[in-house]
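A.B. asks: sequence unavailable; structure follows:
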C-alpha cells in the first residue's frame with residue numbers, strides 16, 4: 001500500500017483538525033449565548049436541550065464534528081501499523097458517530113444518555129488502543145504517552161464522581177479537550 005498522500009488522504013486527514021474545531025466552536029459559542037450555563041452545575045448537553053437559547057449551535061457543532069471525524073478514522077485505519085491501530089481507528093469512528101448522535105438526540109430524550117456515555121467511554125478505549133498499537137509498532141514513548149492520556153481521562157471522571165461536585169461540564173470538557181489534542185496531534189504526524 002502506497003503512503004503517498006493523494007487528495008482524498010489530505011481531505012480525510014484534515015478531519016483530524018476540523019472535527020474538534022467544529023465541536024469546540026459549537027460548544028464555546030453555545031456557552032457564550034447561554035447566560036444560565038454554570039460550570040459547577042450544568043452539563044454541556046444542557047446547551048442543546050429544547051428551550052436552550054441556541055441549541056442549534058451546540059447540537060450542530062457536535063453533529064458536524066462527529067461527521068468530520070469519520071474520514072479521519074478512515075485515514076487512521078488505512079495507515080494503521082497493526083490490528084490495535086485498526087481497532088483504534090474503529091474506536092474513533094464509533095466516537096464520531098456517538099458525538100453526532102449526542103447532537104442529534106438532545107438531552108432529555110431516551111437515547112441521549114447512552115450516546116453521551118458511549119462517547120466518553122470510546123474516548124478512553126480509543127486512546128488505550130492507539131497507545132498500545134503505537135507501542136507494539138515500535139513507537140513506545142508516543143504509545144505510552146497516549147496510554148497515559150487515556151488513564152488521565154478515566155481518572156478525571158473518577159475524580160469528578162468521588163468529589164461530590166455537581167455539573168458534568170468540567171469532566172465533559174476535559175475529555176473533549178483530551179480527544180481534541182489526540183486528533184490534532186495525530187493529524188499532523190508524518191504519514
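C.D. replies: That came in fine, so what should we check first? Quick caveat, the model's predicted, so the values are computed rather than measured.

A.B. asks: and the helix or strand hosting residue 72, what does it pack onto?
C.D. replies: Assigned by DSSP states H and E, residue 72 belongs to helix 55-79. With contacts defined as 3 or more CB pairs under 8 Å, 6 or more residues apart in numbering; DSSP states H and E, helix 55-79 has these neighbours: helix 7-32, helix 83-104, helix 169-187. Where you see a C-beta, it was placed from the backbone N, CA and C, and this is true even at glycine.

A.B. asks: reformat the ones you listed as CSV; add mean neighbour count and mean pLDDT.
C.D. replies: Output for those, formatted as CSV (neighbours: other CB atoms under 10 Å; pLDDT from 0 to 100):
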stretch, mean neighbour count, mean pLDDT
helix 7-32, 19, 97
helix 83-104, 22, 99
helix 169-187, 19, 97
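
A.B. asks: in CSV, list the ones you listed along with distance to residue 73.
C.D. replies: Below are these laid out as CSV (distance: least, CB to CB, whole Å):
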stretch, distance to residue 73
helix 7-32, 8
helix 83-104, 4
helix 169-187, 10
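
A.B. asks: coming back round to it: next, the buried residues of the helix holding residue 72.
C.D. replies: The neighbour-count check on helix 55-79 (16 or more other CB atoms under 10 Å) flags 55, 57-77, 79 as buried.

A.B. asks: so how far is it from its chain's centroid?
C.D. replies: Centroid displacement of helix 55-79 relative to its chain, using CA atoms, centre = their mean, to the nearest Å, is 9 Å.

A.B. asks: how about stretch 179-190?
C.D. replies: Between the centre of stretch 179-190 and the centre of its chain there are 11 Å (CA atoms, centre = their mean).

A.B. asks: and for it, what are the contacting residues?
C.D. replies: Applying CB atoms under 8 Å, 6 or more residues apart in numbering, the contact partners of stretch 179-190 are 13-17, 19-20, 23-24, 69, 72, 76, 95, 123, 126-127, 130, 146, 149.
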